[in-house]
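Undergrad: quick one, fold the following:
(3 chains)
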Amino acid sequence: MDNTDTSLSRAAGAETPAPEKTTIVVQSGDFDKLQSAFIISNGALAMGMEVSMYFTFWGLTRLKKDGGLDSGPLSKMNMLGLGKWMVKRRMKKAGAVTLEHLAQDFKELGGKIFACDMTMAIMGIKAEDLRQDLIEEYCSVGTYIEEARHSTITLFI
Amino acid sequence: MDNTDTSLSRAAGAETPAPEKTTIVVQSGDFDKLQSAFIISNGALAMGMEVSMYFTFWGLTRLKKDGGLDSGPLSKMNMLGLGKWMVKRRMKKAGAVTLEHLAQDFKELGGKIFACDMTMAIMGIKAEDLRQDLIEEYCSVGTYIEEARHSTITLFI
Amino acid sequence: MDNTDTSLSRAAGAETPAPEKTTIVVQSGDFDKLQSAFIISNGALAMGMEVSMYFTFWGLTRLKKDGGLDSGPLSKMNMLGLGKWMVKRRMKKAGAVTLEHLAQDFKELGGKIFACDMTMAIMGIKAEDLRQDLIEEYCSVGTYIEEARHSTITLFI
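TA: Numbers count the residues shown, from 1 in each chain, chains lettered A, B, ... in the order given. Purely as a prediction, here's the structure:
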């Protein structure tokens, strides 16, 4: 198997001083999936990458002022007999931090949060209903594609 | 179905070693996840990228003639008190289009839909049961890898 | 845990600027999603790519000795009237193999499985509770980012 295209894309990359990027669509509002999204994002930021997170559908509802980042359900309730209360207690014991804390770290490390404007229209969510302290920009799919096409890591969570 | 836009993106791609590609595995049959898949895909096509969608498992069942693209459930029923009926009504009000409409646009913009042949075997689905007007090819994982390894955006939805 | 297969693929990679990689986060413990993860991974390995899988949350619980790879639920139970029993029977008829078989193939083809140490702490899982015959390394997010930033295919399943 030849790797010609890989060498070409590396050569192309060498011509531009573009920083490495991670771009994540956050469609899920599940507690554990948001946690993975932020842990991956903060890890990438800590390692010198740029990171953009696009909150859409149920993910966006977690950015509502009256919603609360940490109030989402687990994606698999009661599996192993572990409820959310148990997971949170063990997280605390394991030194894992809250989603609110992870989101604050994300902002401080220079990460950018985008809010999907179509979701806002469909769900009847106004900008003032959302955590404007966390959101960088209200945008549509074009903004996402523009970031993602220049990213080395692209995920849909 | 014409491929005008694809030829345009190919022309643009000719300036560089390979055209930019987006490759999405659609495993979910949920209404809102299919919507995200098509909105991202159509956005990428509109911005000159090539796009391949691989429908597998529950995603593929949405391409059945008797299934109906728009008949899938929401991934989070009743969250926020929003049923699917409510989401659809608000989508209409917000100017958002149906999955059927998004799929037609996808084809017209030059996007390619692949059907997973292993899913067909497992679920007992025949080619004539599927929306052959939308499907480009019936294939296995090798075809997916070949497209994905040359893609800048890869997602699993 | 020997790395014989890995060193072979690294040697092959040394002939080119960098070997192509696929990196997958496996957060879901659903039977059908694990199946997609392994089918994609084994396909990529068979086509000469390197593959790393990062098992976290519910995905990691499937690697417990007393859990069983093949014992996870379907992500959409009863859809189309297809229960897991029916899916498994049809898989057998269609010549599709078990997750246990897919995981063994993955190892033999040189793939690497990483276990998320934070999930282990949160869920109270010890290394000896896990399938050490399958796991390459116990690690945190930094290891994932380091692999993913050099990957052409990145997925979150």
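
Undergrad: give the contact list for the closest residue to residue A:98 other than its chain neighbours.
TA: Ranked by CB to CB, 6 or more residues apart in numbering or on different chains and with sequence neighbours excluded, the top spatial neighbour of residue A:98 is residue A:70, at 5.3 Å. No exception for glycine: its C-beta is placed from N, CA and C like everyone else's. The contact partners of residue A:70, by CB atoms under 8 Å, 6 or more residues apart in numbering or on different chains, come to A:31, A:98-100.

Undergrad: narrow the residues you listed to those in helices?
TA: A:31, A:99-100 (DSSP state H).

Undergrad: mind listing the strands for chain A?
TA: Secondary structure of chain A, counting by DSSP state E: strands at A:21-26, A:50-55, A:112-116, A:135-139, A:153-156.

Undergrad: what are the buried residues along stretch A:51-65?
TA: A:51-64 (16 or more other CB atoms under 10 Å in any protein chain shown).

Undergrad: do it and chain C come into contact?
TA: No: Stretch A:51-65 stays clear of chain C (CB under 8 Å from any CB of the partner chain), getting no nearer than 10.2 Å.

Undergrad: now the end-to-end length of that stretch.
TA: Stretch A:51-65 has an end-to-end distance of 23 Å (CA to CA, to the nearest Å).

Undergrad: ok, that stretch near chain B or not?
TA: Yes: contact between stretch A:51-65 and chain B, assessed by CB under 8 Å from any CB, occurs at A:56-58, A:61.

Undergrad: can you redo the residues you listed as JSON lines with distance to residue B:124 and pLDDT?
TA: Compiled in JSON lines, the residues of stretch A:51-65 next to chain B are given as follows (distance: CB to CB, whole Å; pLDDT from 0 to 100):
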{"residue": "A:56", "distance to residue B:124": "34", "pLDDT": "96"}
{"residue": "A:57", "distance to residue B:124": "32", "pLDDT": "92"}
{"residue": "A:58", "distance to residue B:124": "32", "pLDDT": "91"}
{"residue": "A:61", "distance to residue B:124": "37", "pLDDT": "92"}
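
Undergrad: among those, which ones are in helices?
TA: Using DSSP H, the subset of the residues of stretch A:51-65 next to chain B located in helices is A:57-58, A:61.

Undergrad: the residue most central in space within chain A pairs with what?
TA: In chain A, the centroid-proximal residue (CA atoms, centre = their mean) is residue A:53; its distance is 4.0 Å. On the basis of DSSP bridges, residue A:53 is bridged to residue A:24, residue A:113.

Undergrad: identify the residues contacting it.
TA: A:23-24, A:26, A:37, A:41, A:106, A:111-114.

Undergrad: among those, which one is most surrounded by other residues?
TA: Most neighbours among these, by other CB atoms under 10 Å in any protein chain shown: residue A:41, with 30 neighbours.

Undergrad: what sits against that one?
TA: A:22, A:24, A:51, A:53, A:106, A:111.
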